[in-house]
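**Q** From the sequence below, what's the structure:
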Amino acid sequence: MSYNLFQNSSSKKLVITQVIFVLIIAGGLLVFDKFFNQKDVPAGEGTDNKATLLVDFEDTQRMFTGEVVEGMTILDALNASVAAGRTALVYTVDSSNNVTVTKINDHTAVKDKNFSFYLNDEKIATEDINRTGVRVGDKIIIRLE
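**A** Down below sits the predicted model:
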């Protein structure tokens, strides 16, 4: 009988040790996943990492919604929407890193009408659209004024 009691005690210790080992491994995997498997979303911005770009001309309105990546600018968002929407975009960047947009689709900037950019209803100088960052939830509006 003494041998049988010893065998049950050893089996119980072995099972308890195995359960503890499995719990430690599972906890380690959860911690690893939480800290090392993060998405490329700006801190504190939630899970829906999109922004909206609206082209609002007198005869044309088009809306694009797309993913925001770290370091994205208004010009980057415009280029992404052009690629997605099969639209034409003509712009230049001068030696001072200032942007001039001359054409979007069939609309051309002329002396009395230029492209205006708004970020969350705040006007942004066209020359700065390559330096103005875009964040999750932002709304970009382009008008010919």
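
**Q** how far does stretch 73-83 sit from the chain's center?
**A** Centroid displacement of stretch 73-83 relative to its chain, using C-alpha atoms, centre = their mean, to the nearest Å, is 13 Å.

**Q** Identify the residue nearest Arg131 in space, chain neighbours excluded?
**A** Nearest residue to Arg131, sequence neighbours excluded (C-beta to C-beta, 6 or more residues apart in numbering): Thr73, at 6.5 Å. C-beta here means a position set from N, CA and C on the backbone, and glycine is covered the same way.

**Q** Lys113 now?
**A** Leu144 (5.3 Å).

**Q** contacting residues for that neighbour?
**A** Listed by C-beta atoms under 8 Å, 6 or more residues apart in numbering, the contact partners of Leu144 are Phe57, Glu58, Ile104, His107, Ala109, Lys113, Asn114, Phe115, Ser116.

**Q** before we move on, what about Ala125?
**A** Here Ala125 is in contact with Phe117 (C-beta under 8 Å, 6+ apart).

**Q** Give me the domain ranges for this protein.
**A** In the domain annotation for the chain, the residue ranges read 1-38, 50-144 (automatic domain parsing).

**Q** Can you tell me the centre-most residue of the chain?
**A** Val68 (2.4 Å; C-alpha atoms, centre = their mean).

**Q** and that residue, backbone torsions?
**A** Dihedral pair for Val68: phi -100, psi 130, per degrees, to the nearest 10.

**Q** could you measure it against Val19, distance?
**A** 45 Å (C-beta to C-beta, to the nearest Å).

**Q** Repeat that for Lys50.
**A** According to C-beta to C-beta, Lys50 and Val19 sit 44 Å apart.

**Q** Asp76 and Gly133 touch, don't they?
**A** No: counting by C-beta atoms under 8 Å, Asp76 does not reach Gly133; the two are 9.3 Å apart.

**Q** can you give me the helices in the protein?
**A** 2-36, 74-85 (DSSP state H).

**Q** By pLDDT, rank the contacts of Leu144 and give me the bottom one.
**A** Lowest pLDDT among those: Glu58, with 87.
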